[in-house]
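*Asks:* need coordinates for the below:
(chains A and B)
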2 protein chains.
Amino acid sequence: MTAAPPVSREAPLAMICGGGSLPLAVADKVAASGRRVVLFPLRGAAEGTTFDRYTHHWLYIGQIGKFLRLARAEGCTEVVFIGALVRPSIWQVHPDLGGLRVLPRALKAFRGGDNHLLSGMSDLLESKGLRLRGAHEVAPEILVPAGALGRVQPSERDRADIALGLDYLHAAGRFDIGQAVVVSGLHILAVEAAEGTDGMLSRIAELRANGRIRAASGKGVLVKAVKPDQDRRFDLPSIGPRTVEGVAHAGLGGIAVTAGAAIIAEPDRLIAAADRAGIFVVGVAPGGSA
Amino acid sequence: MTAAPPVSREAPLAMICGGGSLPLAVADKVAASGRRVVLFPLRGAAEGTTFDRYTHHWLYIGQIGKFLRLARAEGCTEVVFIGALVRPSIWQVHPDLGGLRVLPRALKAFRGGDNHLLSGMSDLLESKGLRLRGAHEVAPEILVPAGALGRVQPSERDRADIALGLDYLHAAGRFDIGQAVVVSGLHILAVEAAEGTDGMLSRIAELRANGRIRAASGKGVLVKAVKPDQDRRFDLPSIGPRTVEGVAHAGLGGIAVTAGAAIIAEPDRLIAAADRAGIFVVGVAPGGSA
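*Replies:* Below you'll find the predicted structure:
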């Protein structure tokens, strides 16, 4: 969270971009602060987005040699990972020579959860002289603040559901699975793993439609939290306008995320959508009471 | 696990039946042991099954007065809960006078997880003079034995995935959510909550179909475990031929369940299906190492 030293503020920022609206939102913030960005959208993850307004180079995740060469040629000394990543199979990695050299290390990183994968990648980059930064370090305004973001406030019951969700996520954090859970009436209805938050919210909507969840609509909370010992330079939990849509479609009452340790893509659109849907969005302190 | 006293062996056994093939499988075992069974299939849960071969009385879950009256008239002194239960909404409970009297206590039991719900129900029945028994106490042959059940054995990698799954389920057990998880390559792919085991397995199949899971087919394990402090008289984890189908459809390599603390419906059909699909089914000691 400390400010970058002036020299690196001036050097362009390399951004390795996964899916979703977050990479461009962060690029816009960094560019607005006067720093040049060079984007590296990942094939198999970032195809839905148009990156034309910035210098960008498409990469397979295994093209580490190409990335290092281009990032150096652009004068980048710092790199940010941002956006959603589908766990790649080794066969879609397309390693180049630089990638092949580190393949044994990368393969080791692929075993185990996402934290292992990401910290393996960051060790690799740092060994090549690139400093890994968190998206919230280069664009602190994307962090979720504490308290209610829109007009709707959580009720006492919602607060009890939120506390249970945070407690669960704290206990499950060491297993390096999802960072999100749905709680209603002190009952955990869904736990996120490989399906992602949007997939989990669709499931709640389906379970409600076919009678497996019979709680009243407008109750229940999506709780997202940073893992207890997570490297915050990547993979902070994030919410965006689509999360609000998913929560509304699932018939839940609101969203709670860890303040200062989660990212909002497009806060203005998110708040407008939440107010329209009558859904609360609240930044809370992380759990861990029990 | 101790044998019932002779007196209660002779009195007919009341069985409150949820969904799935397990209730009839258990009724058959008990009847084969020479004990009469009286079935109480629950509306909204047990509709898919034909109970004609035994004395049976359909109930709404709130008809506690009707249940007590009928169970007494049939001479039952013990009751077993067995089969899958969808969490009912209060509006579908249809309480009778006996149910209304206990409604405040039942409502309290509805808040919180399934353990709360079930232990609330059992306290209630015991206060009315009916003894609650576990299905495995009246039909011990339904418990999963230790070791591989069919021809296929888990590999070393499968064993590592199983250990991680058991460790997770132990840690998450106090939250009273699902009893099952899917692990592949030391990565937790799915956690069961309100969707149930079949729902979770369908999700794995979907995630594989749309590229969100790219692990090779035939790897990964469904792990089901008893909760650490669970009242084993109800809601023991169970597997059946359908579980094998779901695991095969999800492209997983096998199933691990806690030996002596999980139930098999139709073991012969299950083992035949597993051998045919090349899937292992193994009874393991519960986790809790960390």
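*Asks:* what's the span of stretch A:224-241 from first residue to last?
*Replies:* 15 Å (Cα to Cα, to the nearest Å).
*Asks:* quickly check: that stretch near chain B or not.
*Replies:* No: Stretch A:224-241 stays clear of chain B (Cβ under 8 Å from any Cβ of the partner chain), getting no nearer than 12.5 Å. C-beta coordinates here come from the backbone N, C-alpha and C atoms, glycine included.
*Asks:* count the residues that sit near residue A:44.
*Replies:* 18 (other Cβ atoms under 10 Å in any protein chain shown).
*Asks:* can you verify it is assigned to a helix?
*Replies:* No: looking at residue A:44 with DSSP: H, G, I helix; E, B strand; the rest coil, it is coil, so not inside a helix.
*Asks:* what's the helix or strand for the residue of chain A positioned farthest from its centre?
*Replies:* The C-alpha centroid of chain A is most remote from residue A:211, which lies 31.2 Å away (Cα atoms, centre = their mean). Following DSSP states H and E, there is no helix or strand that holds residue A:211.
*Asks:* dihedrals phi and psi, it?
*Replies:* For residue A:211, the backbone dihedrals (degrees, to the nearest 10) come out as phi 80, psi 0.
*Asks:* how far away is it from chain B?
*Replies:* The spacing between residue A:211 and chain B, counted by Cβ to the nearest Cβ, to the nearest Å, is 7 Å.
*Asks:* likewise for residue A:45?
*Replies:* From residue A:45 to chain B the distance is 11 Å (Cβ to the nearest Cβ).
*Asks:* number of nearby residues for that residue?
*Replies:* Neighbour tally, residue A:45, other Cβ under 10 Å: 20.
*Asks:* picking that back up, gap between the residue farthest from the centre of chain A and residue B:44?
*Replies:* 8 Å (Cβ to Cβ, to the nearest Å).
*Asks:* also residue A:19?
*Replies:* Residue A:19 is 40 Å from residue B:44, by Cβ to Cβ.
*Asks:* any weak-confidence spans in chain A?
*Replies:* Along chain A, segments meeting pLDDT under 70 span A:1-9, A:84-95, A:97-120, A:234-235, A:287-290.
*Asks:* and the strands in it?
*Replies:* A:13-17, A:37-41, A:55-56, A:78-82, A:131-133, A:147-148, A:180-184, A:187-191, A:221-224, A:238-239, A:254-258, A:263-264, A:280-284 (DSSP state E).
*Asks:* in a markdown table: those strands, plus mean neighbour count.
*Replies:* Below are the strands of chain A laid out as a markdown table (neighbours: other Cβ atoms under 10 Å in any protein chain shown):
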| stretch | mean neighbour count |
| --- | --- |
| strand A:13-17 | 27 |
| strand A:37-41 | 23 |
| strand A:55-56 | 16 |
| strand A:78-82 | 25 |
| strand A:131-133 | 19 |
| strand A:147-148 | 14 |
| strand A:180-184 | 26 |
| strand A:187-191 | 27 |
| strand A:221-224 | 28 |
| strand A:238-239 | 26 |
| strand A:254-258 | 28 |
| strand A:263-264 | 24 |
| strand A:280-284 | 23 |
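*Asks:* need those in TSV with distance to residue B:130, can you?
*Replies:* Formatted as TSV, those follow (distance: least, Cβ to Cβ, whole Å):
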stretch	distance to residue B:130
strand A:13-17	63
strand A:37-41	65
strand A:55-56	70
strand A:78-82	59
strand A:131-133	63
strand A:147-148	49
strand A:180-184	31
strand A:187-191	27
strand A:221-224	38
strand A:238-239	49
strand A:254-258	42
strand A:263-264	54
strand A:280-284	44
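*Asks:* mind checking which of those is nearest residue B:32?
*Replies:* strand A:187-191 (37.5 Å; Cβ to Cβ).
*Asks:* residues contacting that closest one, please?
*Replies:* When contacts are defined by Cβ atoms under 8 Å, 6 or more residues apart in numbering or on different chains, strand A:187-191 is touched by residues A:164-165, A:168, A:172, A:177-178, A:181-183, A:200, A:203-204, A:207, A:213, A:215, A:220, B:87, B:111-113, B:175-178, B:191-195.
*Asks:* change it to 7 Å
*Replies:* A:168, A:178, A:181-183, A:200, A:203-204, A:213, A:220, B:112-113, B:175, B:177, B:191, B:193-194 (Cβ atoms under 7 Å, 6 or more residues apart in numbering or on different chains).
*Asks:* that strand vs strand B:180-184, what angle?
*Replies:* 20 degrees (axes from the mean of the first three to the mean of the last three Cα atoms, to 10 degrees).
*Asks:* okay, now residue A:34: neighbour count?
*Replies:* Quick note: residue A:34 (other Cβ under 10 Å) scores 8 neighbours.
*Asks:* show me chain A divided up by domain.
*Replies:* In the assignment given by automatic domain parsing, the structural domains of chain A cover A:6-140, A:143-284.
*Asks:* looking at these, which is buried most?
*Replies:* A comparison of the domains of chain A by mean neighbour count, using mean count of other Cβ atoms under 10 Å in any protein chain shown, puts domain A:143-284 on top with a mean of 21.
*Asks:* now do the same end-to-end measure for that one.
*Replies:* 12 Å.
*Asks:* ok so, going back, for the strands of chain A, which one sits closest to residue B:36?
*Replies:* It is, among the strands of chain A and with distance given as Cβ to Cβ, strand A:187-191, at 36.7 Å.
*Asks:* just the contacts of strand A:187-191: which are in helices?
*Replies:* In this view, the contacts of strand A:187-191 that belong to helices under DSSP state H are A:168, A:200, A:203-204.
*Asks:* ok, residue A:198 - contacts?
*Replies:* Residue A:198 touches A:242, A:246, counting by Cβ under 7 Å, 6+ apart.
*Asks:* gap between residue A:278 and residue A:251?
*Replies:* From residue A:278 to residue A:251 the distance is 11 Å (Cβ to Cβ).
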